[in-house]
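Engineer: predicted coordinates and the sequence they were generated for:
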Amino acid sequence: MQLKENQYYIGNVPVLDICREFGTPVYVYDGNTIVEKLHILQEAFSGVPVKIKYAAKALTNISVLKLLKKEGAGLDTVSIQESRIGLMAGFAPEDIMYTPNCVSFDEIEEAVELGLGINLDNIPMLEHLGKKYGSTVPCAIRLNPHIVAGGNTKIQVGHKYSKFGISVEQMPQVMEVVHKYKLTINGLHIHTGSDIKEADVFLQTASILFDLAMQFPHLKFINFGGGFKVPYKPGDHTTNMKELGRKLSDAFLGFCKRYGKTLEMWFEPGKFLVSEAGYLLVQTNVVKQTPTTVFVGVNSGMNHLIRPMMYDAYHDIVNVSNPDGAPKEYNVVGYICETDTIGANRTLDEVREGDILAIKNAGAYGFSMSSNYNSRLRPAEVLVYQGQAKLIRRREVLDDLLKNQVEANF
Ligand SMILES: Cc1ncc(COP(=O)(O)O)c(C=O)c1O
Ligand SMILES: N[C@@H](CCCC[NH3+])C(=O)O
């Protein structure tokens, strides 16, 4: 978002024009930022055959998927539904890596039938795959390295007590199943968590993967997961992509020599590609002074952006309709009937009833984690790309809340 002559713009379109045309609350994504971020990653690892598999769960709108596909990304999916939306967006089945957790074997069979890449994270499902398909269906293995990494405990998934991945301590059992069914293991994968700022975590992961890889002669790729840190607070540290690119590429090329074949290097970022591109634009319903606090109550809340309440996540907030206002301190809260804080103790340009606030970094895990709690409608989504703002999801209406309900007659 840029401020030019007292007006805020997203991708050269005035923010207030977007609100006038599409209403609020509205999620707005800057397509140029998404494309730029993808190019940063592609370039950081340009010395090796790198593939970026966008983690669709971060933002699953089909238009965003199409944009990323056009720019050369593949897809990382966690459910059969995400995978099907990916196929509808035009991804080839083999460019979609399906990495489910705790799904039934039926869903994995469906993924095999669709021709998706398969990545399994538990031994019973490897066993089912072997029994049904033997060596004919290649699959990757997601490992748990016992590394604690990530911005908060809820998004740390590579530690010993996590439900994700097969523990590196269980390699003997893995090898038993692999040999029993002559499984074709085509990739190894580790994702340790989200919001990881230390490049060293990826290097540590790499060294574990490189050691284990020597036992698997049919590998095509090593998948280092996602989790790159984006700046939420002004001055926040982020993953240094250039440094990581240099160090990891060198280590990878050294490994490929030892392995005897050049493999592909995969990443599956969500936040890095779409977080900073997204804004949730909301309108101020009320400015409420209490004996302790000035609350700004907006026409949105944890139903649309759950990250602040779920992870204590910090999202920067800007008053876009009063850039001249005198700065004051507020608690920005939602209209949901829960403690529903979007940002506490924030200094904003004076907020008046009707003012439009932009909540930043809302591209990743914003709309995709939204709900209809309190029977509130979900917002519209707009993509700004090449100077144009286009509606990519209609705002919900009351009928959307009722369409699957069946009225009992008494
Ligand atoms: C397996 C896997 N890959 C990729 C991601 C994307 O993570 P991030 O959005 O932090 O890049 C996640 C989410 O944490 C994940 O669980
Ligand atoms: N939803 C998390 C990140 C992904 C967690 C999934 N493993 C967040 O908003 O930070």
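Structural biologist: Received it, and whenever you're ready, just let me know what you need. Ligands and ions are numbered 1, 2, ... in the order given.

Engineer: separation between Asp355 and ligand 2?
Structural biologist: As judged by C-beta to the nearest ligand atom, to the nearest Å, Asp355 and ligand 2 stand 27 Å apart. (C-beta placed from N, C-alpha, C; glycine too.)

Engineer: ditto for Ile85
Structural biologist: In terms of C-beta to the nearest ligand atom, Ile85 sits 18 Å off from ligand 2.

Engineer: same thing with Lys4?
Structural biologist: 31 Å.

Engineer: how far off centre is the helix or strand hosting Cys19?
Structural biologist: Secondary structure assignment for Cys19, by DSSP states H and E: helix 15-22. Chain-centre distance of helix 15-22: 26 Å, with C-alpha atoms, centre = their mean, to the nearest Å.

Engineer: after it, which helix or strand is next? Please name it.
Structural biologist: Assignment by DSSP H and E places the next element after helix 15-22 at strand 26-30.

Engineer: export that next one as PDB, just CAs?
Structural biologist: Written as PDB, here are the backbone C-alpha positions of strand 26-30 (Å, rounded to 0.1, in the frame of the first residue of the first chain):
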ATOM      1  CA  VAL A  26     -13.400  -6.700   1.600                       C
ATOM      2  CA  TYR A  27     -10.200  -8.600   1.100                       C
ATOM      3  CA  VAL A  28      -7.900  -7.000  -1.400                       C
ATOM      4  CA  TYR A  29      -4.900  -8.700  -2.900                       C
ATOM      5  CA  ASP A  30      -2.100  -7.000  -4.900                       C
END
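
Engineer: elements contacting it?
Structural biologist: Strand 26-30 sits against helix 15-22, strand 278-289, strand 380-385, strand 388-393, with contacts defined as 3 or more C-beta pairs under 8 Å, 6 or more residues apart in numbering; DSSP states H and E.

Engineer: I'd like to know how far the residue in the stretch 201-350 of the chain positioned nearest to ligand 2 sits from Arg376.
Structural biologist: In the stretch 201-350 of the chain, the residue found nearest to ligand 2 is Arg307; the distance is 5.0 Å by C-beta to the nearest ligand atom. The spacing between Arg307 and Arg376, counted by C-beta to C-beta, to the nearest Å, is 17 Å.

Engineer: next one: Tyr385
Structural biologist: 28 Å.

Engineer: what do you get for Val320?
Structural biologist: From Val320 to Arg376 the distance is 22 Å (C-beta to C-beta).

Engineer: neighbour-wise, which of those two wins?
Structural biologist: Val320 (24 against 20; other C-beta atoms under 10 Å).

Engineer: what about Gln2, how many residues nearby?
Structural biologist: 10.

Engineer: what sits against the closest residue to it other than its chain neighbours?
Structural biologist: Once flanking residues are discounted, Gln2 sits nearest to Tyr9: 4.9 Å by C-beta to C-beta, 6 or more residues apart in numbering. Neighbouring residues of Tyr9 by C-beta atoms under 8 Å, 6 or more residues apart in numbering: Met1, Gln2, Leu3, Val15.
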